[in-house]
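Asker: Please find the sequence and the predicted model below.
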Amino acid sequence: MSSDSEAVTKNRKMPTAVKLGVDIGPLAVFFIVNAKAGIFAATASFMVVIIIALGVAWAFERRVPTLPLVTAVVVMFFGGLTLWLQDETFIKLKPTIINSFFAIAILGGLAFGKNYIRTVMGAMIQIDEEGWRKLAIRWACFFLAMAVLNEAVWRNVSTDDWVSFKVFGLLPLTFVFAISQIPLMTKHGIETEEATEEDGGEGSS
């Protein structure tokens, strides 16, 4: 009985609306609180909500995805420095640091024969080895570009403008980039064993 319960728990997936809240909620709170109470209150709220988001993810799936977990660790570290030293520079550096980390991790993984993009996305898409390598390199380049872009923006605009850029710039750019990779994934797509079996079954009938 307990094993059946554990299997059901492992297979649970967050409803789309909940997943959207987990992914977007912390940024939305950060933007709203900054507009009403300033960057330090926004940073504190961001830290609290991102922990709540991880808790929700765990409650639904009994696991915490790697990327949100890494993001949360960086947010807690740089957010803590921001509040402790009352210096907003640290929270502004967070996107630079985390995007640089992702890029270095991806490229470093490839150098040692490990494709972290495949580790993260392998359950969702099926593409050949060349496709995974190209996709990993593209994501690494994208993360590096986002790190450079964040540096350029926060050093040249006001804090409120940077917050708007973080919410309405970085997130949409990530979405657009992900969508733009569909042709690559389609070109290098491979059939799963299930699809092959289904095709064979239909042909024999």
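Answerer: Perfect, I can see it now.
Asker: tally of neighbours for A178?
Answerer: 12 (other Cβ atoms under 10 Å). Using the backbone N, CA and C atoms, a C-beta is placed for each residue, glycine as well.
Asker: Now do the SS call for it.
Answerer: helix (DSSP: H, G, I helix; E, B strand; the rest coil).
Asker: residue nearest the centroid of the protein?
Answerer: What sits nearest the mean C-alpha location of the chain, by Cα atoms, centre = their mean, is L67, with 5.2 Å.
Asker: Could you identify the longest helix within the protein?
Answerer: Longest helix in the chain, counting residues (DSSP state H): helix 129-154.
Asker: ok, now how distant is R133 from Q126?
Answerer: 15 Å (Cβ to Cβ, to the nearest Å).
Asker: and E61, what pLDDT?
Answerer: pLDDT, E61: 77.
Asker: looking at it, it is touching K19, isn't it?
Answerer: No. The criterion here is Cβ atoms under 8 Å, and E61 misses it with K19 at 9.7 Å.
Asker: if we can go back for a sec, if you drop the residues flanking it in sequence, what lies closest to the residue nearest to the centre of the chain?
Answerer: Once flanking residues are discounted, L67 sits nearest to V120: 6.6 Å by Cβ to Cβ, 6 or more residues apart in numbering.
Asker: do L173 as well
Answerer: Excluding the flanking residues, the one nearest L173 by Cβ to Cβ, 6+ apart is M146, at 7.1 Å.
Asker: Verify the stated contact: the one you found with I98.
Answerer: No. Assessed by Cβ under 8 Å, M146 is found out of contact with I98, at 9.2 Å.
Asker: Buried ones in the longest helix of the chain, by neighbour count?
Answerer: 131-136, 138-140, 142-144, 146-147, 149-151, 153-154 (16 or more other Cβ atoms under 10 Å).
Asker: low-confidence ranges in this protein?
Answerer: Residue ranges of the chain with pLDDT under 70: 1-12, 14, 191-205.
Asker: now with 80?
Answerer: 1-24, 61-68, 122-123, 191-205 (pLDDT under 80).
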